Every structure is written in C-alpha cells, then in structure tokens.
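Peer 1: dropping the sequence and predicted coords here.
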Amino acid sequence: MSAMIHDVERPLDTIVVGFDDSEPARRALGRAADLAVAVGAKLVVVSVASPPTPPVAWDAALPGEGPEHLAGEATLQVEHAETSLDDARRLLNTRTIDAEYVSELGSPAERIMAAAEERDADLIVVGTREPGFLDRLLEGSVSQNVSRHTHRDVLIVH
C-alpha cells in the first residue's frame, strides 16, 4: 500500500508535450501548460519533422528525385518544425512557465518518447485527431503509438 501512496505523491517535475501547430496540438499545449503552471513543472515542447520518404524507385536520370531533393525536403520539414515551435512560444508568452523548445527529425512518436526519456519526464501530453483509414492502416496515430510504447504516464487531449 505504501508503494501506491508513494507513486500518487510523486510530483510532476517535467511534462513533455508534442506540438505540430494543429488544433489538437494547440489544445494539448494549453492543457500541458495549465498543468505545468499548477504544479510548478518544467514544460518541454517537442516539434518533430518527419524525414521525407524516398521514392520506391529512384532514377538518377530524373531531376528532383535524388538525394539532393530529399535533403531539401528534410530542410523544409525541419524549418516547419521550427516555425511550429515559434507558434508554441507565442501561445505561451503570457504565462509564467519554465519551458524548453526542442526540434527533432524522425518519427514523431519515437522522438517525443525519446525526449521524455532523455529528460526523465513524468508525463507526456499529446493531442489527437481522428486519423484517416490509410493513416491508421500504415502507422496509426502519434497519440496511439506514444500511449502503447512508453512506460511513462500519457495524457491524450481530444
């Protein structure tokens, strides 16, 4: 019984929130910020750029499909993640909150979980939207992947 009481009393020191500037992510950021302010936790806002997928068959004779094109796409994705973090800063600028902003490149669920592991986060907050059939079939949603594959507490904001 005392182990359960100890777990319940464990303070929230660090909250990681995934942010991509979508409406669900804005709601998740708001909820995570509310919690962080209420308990005095640090907030880590993570925006993840997905690396471009190379074409199934690449022909060196065709322009715009080679490694240079993929590098350019990756740069654009990282710039989008940085822009998302700027938007998160603007959304949080009226709050007194200890926040860190992190831009990552990779699988969103994996990078959010890695950021939480690196910072020994007590909670991961993610927004959710109803993925389309193809998204569910191919990879599922970020919120589903995070909740299924982490051992940390997860708050999914609808």
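Peer 2: Done, it's in.

Peer 1: quickly list what the residue most central in space within the chain is bridged to.
Peer 2: Note on the chain: the residue nearest the mean C-alpha position is residue 18, at 2.5 Å, using CA atoms, centre = their mean. Note on residue 18: beta-bridge partners by DSSP bridges are residue 46.

Peer 1: which residues does it contact?
Peer 2: 25, 28, 46-48, 108, 112, 124-127, 142, 146 (CB atoms under 8 Å, 6 or more residues apart in numbering). Quick note: C-beta positions are derived from backbone N, CA and C, even for glycine.

Peer 1: quick one: it from residue 24, how far?
Peer 2: Applying CB to CB, to the nearest Å, the value for residue 18 to residue 24 is 10 Å.

Peer 1: for stretch 89-106, what does the pLDDT average out to?
Peer 2: Mean pLDDT, computed over stretch 89-106, is 96.

Peer 1: ranking helices and strands of the chain by mean pLDDT, which lands last?
Peer 2: helix 2-9 (a mean of 49; mean pLDDT, DSSP states H and E).

Peer 1: circling back: dump the contacts of residue 18 to CSV, plus distance to residue 75 and neighbour count.
Peer 2: Compiled in CSV, the contacts of residue 18 are given as follows (distance: CB to CB, whole Å; neighbours: other CB atoms under 10 Å):
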residue, distance to residue 75, neighbour count
25, 22, 25
28, 26, 26
46, 19, 29
47, 15, 27
48, 15, 26
108, 18, 23
112, 21, 31
124, 27, 28
125, 28, 30
126, 26, 28
127, 26, 26
142, 22, 26
146, 26, 24
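
Peer 1: go through those and name the one nearest residue 38.
Peer 2: residue 125 (13.1 Å; CB to CB).

Peer 1: distance of the closest one from residue 152?
Peer 2: 11 Å.

Peer 1: what are the contacting residues of the helix or strand hosting residue 103?
Peer 2: Assigned by DSSP states H and E, residue 103 falls within strand 99-105. For strand 99-105, the external contacting residues (CB under 8 Å, 6+ apart) are 36, 42-51, 74, 77-78, 81-82, 85, 88-89, 92, 111, 114-115.

Peer 1: rerun that using 7 Å as the cut-off
Peer 2: 42-49, 51, 74, 78, 81-82, 85, 88-89, 92, 111, 115 (CB atoms under 7 Å, 6 or more residues apart in numbering).

Peer 1: so who does residue 29 touch?
Peer 2: 17, 19, 45, 88, 91.

Peer 1: who wins for neighbours among those residues?
Peer 2: The most crowded member of these, judged by other CB atoms under 10 Å, is residue 17 (31 neighbours).
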